[in-house]
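Enquirer: got a predicted structure plus its sequence, pasted below:
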Amino acid sequence: CLAMKATMPFTFSVKTPFALDGDESVFVSGSIERLGVWNPHKSVALSRLSEDSMWQRTISLPITNQPIRYRYLIGKMGPMDDDDSTGTISISLWECQTIPRSLDLIKCLENGTTSVEGDVFGNFAHGTRIQRGWLTNQSELMLRLFGHTAVLLRDKRYHDYRIFVNCSYYSVDTSTQGHSSSYLRNGFVEDGSESFTDSVTKTPAKVSVLTTSQEPVWKVSSGPDNFSSLCNSSSDSDPLLSPVVDDSVKHQRRQPTEEESLVNYVKQEFSVRKATATYGVEFDPSHDFLTFHVQALDIELLAMEIDVWLHPPLPTANGRGGVSSGSSSPARPVDPAALIYLGNTCLSHFEGAYGHKRGHILSTKNAPLATINVDYLLVKPLKGATMTAEKTYALHWKHRPTLEVGHRGLGVAPLTKEHRISAVRENTIHSFKTAAQYGADCIEFDVHLSKDKVPIVFHDFEVVTVLRKKMKDQLQYLRMPVKDLFFEQLQELKLEDTQVLNLEHTNSQMAAEDSDDMENQPFPSLRQCFQCIEESSVGFNIEIKFPQPALGEHEMENYFERNVFLDRILQDVFQFARDRRILFSSFDPDMCLMLTLKQNYYPVLFLTQGRTDMYPPYDDPRTHSTDIAIRFSVYAGLLGGSLHADELLRSPYLLTQAMSQNLVIFVWGKQLTDQANRDKMRSYGVSGLIYDGLHESKSFGSTNSFKKSPSLTYTFASDADP
C-alpha cells in the first residue's frame, strides 16, 4: 500500500519566538524538489495563523525511502521572475544547525502522523541555532556615522546637546539619480511647511551601534562564582546578539586564576539591527560607530533621508548640564517633549562599494544648521557561485586541542646579506607542503589579486623588481604594486618582496635564486594551492588582503572595487576547496562583514593587531584595540577573532572577555615563536596558534588533528559531528 501511495499531504507548523517585521514570512526549504532542493528562491512560504507567532502550511510530499531534510527560513518575498514565475526571496534569518531537521514519511504513514508538531524556529536539543541571512539577490547598503565630524552643529549653543539620528529610505524617480543634493525641512520653522519628501512613502532603516570607546564597556560582576554560570548559560535575548555554539561542541573556556577572579566579565548587551523610535537612536560622536542598514534589489534607485534631533544634556551631580557620557551608558532617559527637531538631509547615487557622502541641514533662510558626513559600504550578492540553505559551518566549531597553524606555511623567511635564513620561501607551494608534512592542522596565507584578477598568494601589496644599472654589474630596485602586474608577469619576472630594499644584490645571487624549484617560487595562484596540497585534511586559513589607511597614509590607493575583488576570490574557493576546511580572516572590518553577507558556508575571523608598538595603527576605529575587536566580532556575527599575542600577553583578561562571548579565538604574532608563550596560550584554552617555524617544534610525519575526522562532505551526509 505504501508503494502505491506516491505522495501524501503533510503539514509543517512552526512557532517564531520573536516578532517578525510586517512584510516578513516564514519559509521551509528542503532536500526535495517540492521544497526547492535548498534553493531559497524556491522554498515554500507558510501562512500566518490567527496567533501571530504560528506559521503553517500543508504540502503534498513524495514518499521515498530517504528522509526529507528541511530548515525554516525567515525572509521577504520579492518580485516574480518572468522566466519561471518564481519569486525572489531575501533571507533575514535562517536555522543554521549543522544537521538540518529530518522527516521520515514512511514512519509517519505507519504512525498515522500527518503533521510536524512542536517546531520552534531555531530551537534544537543543543540550543538556539539562528544566523543572519546572506544576500540572495538583494544588495545591502550601510550608512555609517562615527567621529566628531559625523554631525557638525553650527550653532555653539547646541554643542553639548545629545544627538539623535534616524534614517529612512524611499524610491526616487530615475530622472533624479545622480543627485546628492539636500532636500531639507527645518525643525525650527513655525509656518508648518513641509518638504516634498513628506509626500512619498518612507521605510525606516535598521540600525546597529558599535561602541569603539577605548574604555572597557564590560560590566564587572561582584564575585568569581558568576564566571561558571556565565560560561554555561544560554541567552534568552535577541538571537542575533552573538554567535551561538551547540553546548555539545563548545570550545573549552578557562576558569580564571585567583588573581583574575576578582574581575569577571559578563555579557554586554551589544546593539543589534533593529527599528528605531521616531526620533532615532542616540549618537555619541566620541565613541559610537552608528550604522544604518538597508537591503533592496535596486539600491541605486533609493534615496536615504537622515533626520537629526537634539536633546538637552542630562544634569550632572552639581545640577548643571554636561556633555553626554555616551550611548553605552545604561537607560539614559529621553524626554520626547524636550527634543528639538533640527532637520534632515537626503543622500543618493551611491557609486562603488565604498565612499563618502556629505549633506547639509539648512534653515528656511538657507543658513547652515549642521553638516552630516557619512561613509557607506555597498555589498552586492556573490557572483559566480550559488549559496544554498543546505549546510553551513559559519558558526560551528568543535572543541579540539589547540590547533597548530603554519604562518605562511613554515613561516616568514627573512633575508640577510649572505643568504635567505630559511631554505623555504614563505607563501609558496613548497612551504605549504612542508608544513603539512610536519603535521600542521591548518596553513595560513595571504590572498589578493593580480591585474587580470587571478587570486594569488603573496603578503605585500608591493613587489620589488631588480634592474641592472647601465654599464655596471650593480643592480637597482624598483617597487611596483602587485595589482599592476598580470599573473603571467608575476610568474616570469624576477621579483622579490620589499625586504630586499635593505640589501645589496648581485647578478650571481639572482642566478642562484632563479634555479629554485618552481614550487619554491613566489606567487602561486589560489587554485594551485588547492590542487597541489593534496592532503585535504590540512585546513586553509585564508587571509583576505585589502589595503587600509594607517596613520593617514593608505597602504595602496586606487585598488580593486571591493565586490569585484572578493567575488573573484570566493569563486575560486567554492570551485576548488571541495571538502577542505576553510577559515577566512581579514584585518579589514568591512571585508569581514562582506564575507558574512556574500557567503553562508565558511566561518570568518576578525584579524586584529590590537594595541601594539610593533605596527602602525589603522585609521578605522574598529581596529584600535583587542577589546574593540572582540565587540566587533560579536556585533558582526563572526565565529571569532584572530588576536595579536602582543596585547594578549600583557592583558590576558581579554581572552576571558572573548570567551565569555562564545567566540572562537586564534592567536598570532612573533611572540609565539617562543615555546613558553605558546604553552601559555594553550593553557588559556585558545582554539588555534598561528606561528612561524612550526617544523622546529613538530616532527616530520606528524599527524594533524583532522586526520581522524571525516571530511566536511562525509560529515554532513553521515550525521557525524565534524
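Expert: Arrived safely, thanks for sending.

Enquirer: low-confidence ranges in this structure?
Expert: 1-5, 80-86, 173-199, 214-276, 316-331, 414-423, 471-475, 496-516, 708-722 (pLDDT under 70).

Enquirer: quick one, helices of it?
Expert: 105-111, 225-232, 429-437, 487-492, 507-514, 526-532, 562-576, 589-598, 626-635, 645-650, 653-659, 675-683, 712-718 (DSSP state H).

Enquirer: between these, which one is closest to residue 391.
Expert: The closest of the helices of the chain to residue 391 is helix 712-718. By CB to CB, the value is 5.1 Å. (Each C-beta comes from the backbone N, C-alpha and C, glycine too.)

Enquirer: the nearest residue to residue 68 once chain neighbours are set aside: what's it in contact with?
Expert: Closest residue in space to residue 68, ignoring its immediate chain neighbours: residue 103 at 4.4 Å, by CB to CB, 6 or more residues apart in numbering. Contacts for residue 103 (CB atoms under 8 Å, 6 or more residues apart in numbering) come out as 10, 61, 67-70, 116.

Enquirer: rerun at 7 Å
Expert: 67-68, 70, 116 (CB atoms under 7 Å, 6 or more residues apart in numbering).

Enquirer: one more: residue 528?
Expert: residue 429.

Enquirer: any idea how far residue 454 is from it?
Expert: Residue 528 sits 10 Å away from residue 454, going by CB to CB, to the nearest Å.

Enquirer: tally of neighbours for the residue nearest to residue 444 when sequence neighbours are not counted?
Expert: With CB to CB, 6+ apart as the criterion, residue 444 has its nearest non-adjacent residue at 4.0 Å, and that residue is residue 541. Number of residues near residue 541 (other CB atoms under 10 Å) recorded here: 25.

Enquirer: with the one 10 residues further on instead?
Expert: Burial of residue 551 is recorded as 8 neighbouring residues (other CB under 10 Å).

Enquirer: now it: closest residue in space that isn't a chain neighbour?
Expert: Using CB to CB, 6+ apart, the nearest residue to residue 551 is residue 616, at 4.9 Å.

Enquirer: tally of neighbours for residue 636?
Expert: 21.

Enquirer: who touches it in this structure?
Expert: 592-593, 596.

Enquirer: ok, those residues vs residue 645, which is closest?
Expert: So of the contacts of residue 636, ranked by how close each gets to residue 645 (CB to CB), first place is residue 592, at 20.1 Å.

Enquirer: and the gap between the closest one and residue 568?
Expert: Distance from residue 592 to residue 568, by CB to CB: 18 Å.

Enquirer: do residue 359 as well
Expert: Residue 359 is 34 Å from residue 568, by CB to CB.

Enquirer: out of the two, which sits in the more crowded spot?
Expert: Shown here are residue 359 and residue 568; by other CB under 10 Å, residue 359 has more neighbours (21 against 18).

Enquirer: wait, the more buried one touches residue 347, no?
Expert: Yes - the pair residue 359 and residue 347 passes the contact test of CB atoms under 7 Å, sitting 5.5 Å apart.

Enquirer: one step back: which ones among the contacts of residue 103 are found in strands?
Expert: Under the assignment DSSP state E, the contacts of residue 103 contribute 68, 70 to strands.

Enquirer: using CSV, lay out the contacts of residue 103 together with neighbour count.
Expert: Shown next, in CSV, are those (neighbours: other CB atoms under 10 Å):
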residue, neighbour count
67, 15
68, 21
70, 25
116, 17
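
Enquirer: and the furthest pair within the contacts of residue 103?
Expert: Across these (CB to CB), the longest gap, 12.8 Å, separates 67 and 116.

Enquirer: returning to that earlier point: quick check: the gap between the residue nearest to residue 68 and residue 125.
Expert: 16 Å.

Enquirer: go on, residue 285?
Expert: 46 Å.

Enquirer: more neighbours: which of the two?
Expert: Relative neighbour count places residue 285 above the other of residue 285 and residue 125, with 17 against 8, counting by other CB under 10 Å.

Enquirer: first-to-last residue distance for stretch 342-358?
Expert: Start and end residues of stretch 342-358 are separated by 17 Å (CA to CA, to the nearest Å).

Enquirer: report the distance from it to the chain centre.
Expert: How far stretch 342-358 lies from its chain's middle: 23 Å, per CA atoms, centre = their mean, to the nearest Å.

Enquirer: confirm for me that residue 449 is in contact with residue 565.
Expert: Yes - under the criterion of CB under 7 Å, residue 449 makes contact with residue 565 at 6.0 Å.

Enquirer: residue 648: what's it in contact with?
Expert: 626, 654-655, 667.

Enquirer: and residue 592, by the same measure?
Expert: 586, 604, 606, 636, 638.

Enquirer: and the furthest pair within those?
Expert: Farthest pair in the contacts of residue 592, by CB to CB: 586 and 636, 11.2 Å.
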